[in-house]
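Asker: I'll drop the sequence and a predicted model, then ask my questions.
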Amino acid sequence: MVVSYEGCFLLVFSLLAVVASGLYRNLPIVPFDEGYSHLFGHDNLVVHRDGKSVHLSLDERTGSGFVSHDLYLHGFFSASIKLPADYTAGVVVAFYMSNGDMFEKNHDEIDFEFLGNIRGKNWRIQTNIYGNGSTSIGREERYNLWFDPSDDFHQYSILWTDSQIIFYIDGIPIREFKRTASMGGDFPAKPMSLYATIWDGSDWATNGGKYRVNYKYAPYVTEFSDFVLHGCSFDPIEQTSSKCDITESSKVSIPTGVSPSQRIKMENFRRKHMTYSYCYDQIRYKVPPSECVINPLEAERLKVHDPVTFGGGRRHHGKRHHRSRSSGTKANDV
């Protein structure tokens, strides 16, 4: 595939500047019908009268979802999401980028996945990255949150450039994934669409499938609003990417990436809330994938959550390894 990158390098620089400076809050909000189309689920997708918010629901018949009108090659993509409450075991809500419909055997993907839970247990969040069909090398990370995502809307964002991918929650970076030469084609590099879905993941989503969706609590409704599509749209017929959404507010000085203050918040988040990282999974990988940078302190913290997976040994004194997560943590303390 031959791709023209006219305008994309400028977009990459402006995106980094927009996010690092906090100006992404001023990026235009795209009405649903201008940016997205119905994907599946019949009347389980409801666009509200203002045209800027959407409800997706899951019931016994089907889940539901939507997809962006355009393909994008790099950009900043964001939405405010409110998740279903109460018993949500087996329910999966996803906000992600993919080109699986165009590249069946070598697709790329960048995922936010929200995994439901039994009553009294919190939603968990998972991020994942695939490049060039490398699904055998899952790059998952999982986290708890410092808030209940079913109480109110929170902003979830993806920054994708030719050299890095950064995931954000409410403007706080939670994961920075950098492209390395050793990865080869495993870094997402082909145009992708943006998707949002809710579906039945009973077979795996909650304790490996131990707890399944209970449709007594259906419909499960998740809400999306404040859509941001700020990127290089790609023409699949002309095989070019030249239409870039660059605003005047994004034409600022080029930063180095995650700012020092953002990095402190990211490290605090990961220290307090990350429960799994593929880089430290000694059962899946005898040798960590080449892009992994091993942090000894992070490795030790993960052993608390699963000493078998992250320590290579048997569990001992299990009760001493369980820490309760404070529900009163504020975002500023993340």
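Answerer: Yep, that arrived. Numbering: from 1, shown residues only.
Asker: next one: the residue lying closest to K265 once chain neighbours are set aside from S53, what distance?
Answerer: Take K265 and drop its neighbours on the chain: the residue closest to it by Cβ to Cβ, 6 or more residues apart in numbering is I172, 4.9 Å away. From N, CA and C alone the C-beta is placed, and that goes for glycine too. For I172, the distance to S53 (Cβ to Cβ, to the nearest Å) stands at 23 Å.
Asker: same question for I118.
Answerer: I118 sits 28 Å away from S53, taking Cβ to Cβ as the criterion.
Asker: ok, then the element right after the helix or strand containing I264?
Answerer: For I264, the host element (DSSP states H and E) is helix 260-273. The element immediately downstream of helix 260-273 (helix or strand, assigned by DSSP H and E) is strand 274-277.
Asker: in this structure I125 contacts L115, no?
Answerer: Yes: at 7.3 Å, I125 counts as touching L115 under the criterion of Cβ atoms under 8 Å.
Asker: longest strand in this protein, please.
Answerer: strand 220-235 (DSSP state E).
Asker: which regions of the chain sit below the pLDDT cut-off?
Answerer: Scanning the chain for pLDDT under 70 picks out 1-26, 237-257, 312-334.
Asker: can you show me the CA trace of the longest strand of the chain as PDB?
Answerer: C-alpha atoms of strand 220-235 as PDB (Å, rounded to 0.1, in the frame of the first residue of the first chain):
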ATOM      1  CA  TYR A 220     -27.000  -2.700  29.900                       C
ATOM      2  CA  VAL A 221     -26.700   0.900  28.700                       C
ATOM      3  CA  THR A 222     -23.500   2.800  28.100                       C
ATOM      4  CA  GLU A 223     -23.500   6.500  27.100                       C
ATOM      5  CA  PHE A 224     -21.000   8.300  24.800                       C
ATOM      6  CA  SER A 225     -20.600  12.000  24.200                       C
ATOM      7  CA  ASP A 226     -18.100  14.800  23.500                       C
ATOM      8  CA  PHE A 227     -16.600  13.100  20.400                       C
ATOM      9  CA  VAL A 228     -13.200  14.300  19.200                       C
ATOM     10  CA  LEU A 229     -11.900  13.200  15.800                       C
ATOM     11  CA  HIS A 230      -8.700  15.200  15.200                       C
ATOM     12  CA  GLY A 231      -6.600  13.400  12.600                       C
ATOM     13  CA  CYS A 232      -5.400  12.700   9.100                       C
ATOM     14  CA  SER A 233      -8.300  11.100   7.200                       C
ATOM     15  CA  PHE A 234      -7.300   8.500   4.700                       C
ATOM     16  CA  ASP A 235      -8.800   7.900   1.200                       C
END
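Asker: note down every partner strand of it and its orientation.
Answerer: strand 53-58 (antiparallel), strand 71-82 (antiparallel), strand 240-244 (antiparallel) (DSSP bridges).
Asker: contacting residues around the first one?
Answerer: I take that to be strand 53-58. 32, 36, 41, 44-48, 63-66, 91, 93, 196-200, 213, 218-225 (Cβ atoms under 8 Å, 6 or more residues apart in numbering).
Asker: change it to 7 Å
Answerer: Outside strand 53-58, the residues within contact range by Cβ atoms under 7 Å, 6 or more residues apart in numbering are 32, 44-47, 64-66, 91, 196, 198-200, 218-225.
Asker: among the residues you listed, which ones are buried?
Answerer: 32, 44-45, 47, 64-66, 91, 196, 198-200, 219-225 (16 or more other Cβ atoms under 10 Å).
Asker: okay then, goodbye and thanks.
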